[in-house]
Structure formats: C-alpha cells, structure tokens
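Enquirer: Sequence plus predicted model, see below.
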Amino acid sequence: MKRINLFFVIAMGIVAMIGCAGGSEPFDPSVVIPPVGTTFGISPIPGQSIGTAPGNSAVFPITVTKLLLNPPQASRAEGDVTLSITGVPAGFTASFSVNPVTPTFEGALSQLTVSVDDAQGIPSRSLPPTEFTLTISGSDGHNTRSVQTTLTVNQTTTFVIDPVADQTVDLGQIAEFPVTVREVAGPGSSRATGPVTISVLNLDSDLRSEITVNPVTPTPGGATTIVRIETAPDDSAHQRTRGQSQTQYTITFQGSDGNRNQTRTAVLTVISGS
C-alpha cells in the first residue's frame, strides 16, 4: 500500500510540473511563427557643386541600411550590395570609397567622389551653372535599389594666347605682331578673374615696343591686340647692325590675369642695308 501511495505522489508531481511549464495556454503544434526577412535601402543623397578646374572634386555620402521584412518577401537580401552610378557628365570620373558594401541596421557608409578629369567641352562661364542628375544604384543579386542626386557644375575658365607669327621687316620699319587671347576651359586651367595684361619680356635694347590695346578681355572667339616693335629706334642701333645682312630677335609676349601667366615667343628678322 505504501508503495502505491508513493507512485501516486510522484505522478501527481510530474503532472503539476508539466502544467506550470506549459502556462495557461495549451501547446498548439499547428501554429507557425513566420520568419523575419531582410532587405536593404539607400538613404537620400544631398546634391553637391563642383567647378570645372581639373583637380576639383565633389563628395557624396552614401548610407546602405539593412531593413526588416515581415512577412518575408520573395526578394530578400542575401549579402553585400554592389554600388554603381549613371549620369556622370563627360570630363568627370566617379569612384566609391567602399564597394561592395555590407548593409547593417545602423547603416554602412561609402563615399562617392566625382572628380574633374578633362574639362574639355564644358560650356564657357558665359552660360549659367549646369545641373546633372546622377543615379546611384545598389544590387545584392536579388534586389536593386536606386536613388538620385544632383551635380551642379560651376563653369571655370582661363585664357590662352594663340601662337604668334614670326615677322620680317627692313631696318627702321615697325613690325606688327597680332596677339590673340581666348577664353577657354580645359586641363591645367585656373579660374580667369578678368582682363589679361600683355607685356613684352626682355626686349633687346635695339628695339622698342608699343601695345595698341592693353589689357585685353578674353572671349571664346578671341580678342586681339597689336604689339608694335620699332626697329633701330636710334642711330646707335644702325651702327651696331651695319654690315650685317639680317639680325634675328626672339620676342617673348606674356599675358597675365593676376592668377596665371602664359607666354608665347616669335622671331623678328630685321634686314639691314649695306
């Protein structure tokens, strides 16, 4: 009899333990808790501005975030996100600091850098700033997400002096050198700030110079001034060149806008008498 009572007490205790573990709701094996899926998103990217001088760059911050999906969708995130870009204008290059990116719930960061490579073909500064739409896309092999931002190109120009033609004159005459200054945008340029002052460097003592228009305001079509070189402005020059059939001088023309200088050379040949 004592053995039966002992078995009864143990059985009741086991039943009580099962009841406590199960709580008030009975276990239902037909209820399935759905899994939580994930995907990714790319945060909005603010627009940036850039000048056209080579070496300039604009940096766009990119944040790729892991997102929850409940219920899960068929296109769930599977891994790293590869970034790409379209809409980069000619003369510019684009690169990502991190690519591919592993999304996190806090947001994984990369940077898009757009740099001036070759500014040929960029409109002159007489035009308003030009705005380009850039599309940044990310793909994990299953999903593709895209966002758009803007790149505003502020025109940057400089000047160049066209080649100057050589001249030949008789001793005592005046040689006229047309010097043409153009407004351009291109490699190696800095921003032009205004008119260009023309000067003649290291002119020989036998010669004397005069510039008709100075300074010159560059235009895309070219603005021209005339540099006049007087040969043998005094009798001493006649004496030094006597007996020579001709004398050649290298004339150096310089233009300066206050930020940048450029020089051109031309040869002046002076034909002397006997």
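Expert: Okay, I see it. Everything numeric in this text was worked out from a predicted model, so none of it was measured.

Enquirer: List the contacts of stretch 256-268.
Expert: For stretch 256-268, contacts defined as C-beta atoms under 8 Å, 6 or more residues apart in numbering pick out 158-169, 175, 177, 179, 189-197, 199, 201, 207, 229, 231, 248-255. C-beta: built from backbone N, CA, C; applies to glycine.

Enquirer: if you average pLDDT over that stretch, what comes out?
Expert: Stretch 256-268 shows a mean pLDDT of 91.

Enquirer: Could you check that stretch and say which residues are buried?
Expert: Across stretch 256-268, burial judged by 16 or more other C-beta atoms under 10 Å covers 256-257, 260, 264, 266, 268.

Enquirer: same check, this time on stretch 131-141
Expert: Result for stretch 131-141 [16+ other C-beta under 10 Å]: buried residues 132, 134, 136-140.

Enquirer: What of stretch 96-107?
Expert: For stretch 96-107, by 16+ other C-beta under 10 Å, it's 96, 100-101, 103.

Enquirer: and the buried residues of stretch 131-141, which of them are in strands?
Expert: Here DSSP state E is the test, and the buried residues of stretch 131-141 give 132, 134, 136-139 as lying in strands.

Enquirer: Confidence-wise, which of these comes last?
Expert: Within the set of these, pLDDT is lowest for residue 132 (91).

Enquirer: Could you pull up the contacting residues of that residue?
Expert: Residue 132 touches 87-89, 150-153, counting by C-beta under 8 Å, 6+ apart.

Enquirer: before we move on, back to that, will you turn the ones in strands among the buried residues of stretch 131-141 into JSON lines that also has distance to residue 115?
Expert: Shown next, in JSON lines, are these (distance: C-beta to C-beta, whole Å):
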{"residue": "132", "distance to residue 115": "14"}
{"residue": "134", "distance to residue 115": "13"}
{"residue": "136", "distance to residue 115": "16"}
{"residue": "137", "distance to residue 115": "20"}
{"residue": "138", "distance to residue 115": "21"}
{"residue": "139", "distance to residue 115": "24"}
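
Enquirer: Looking at those residues, which is nearest residue 39?
Expert: Within those, the smallest distance to residue 39 is 10.9 Å, found for residue 138 (C-beta to C-beta).

Enquirer: Name the nearest residue to that closest one, ignoring sequence neighbours.
Expert: residue 81 (4.3 Å; C-beta to C-beta, 6 or more residues apart in numbering).
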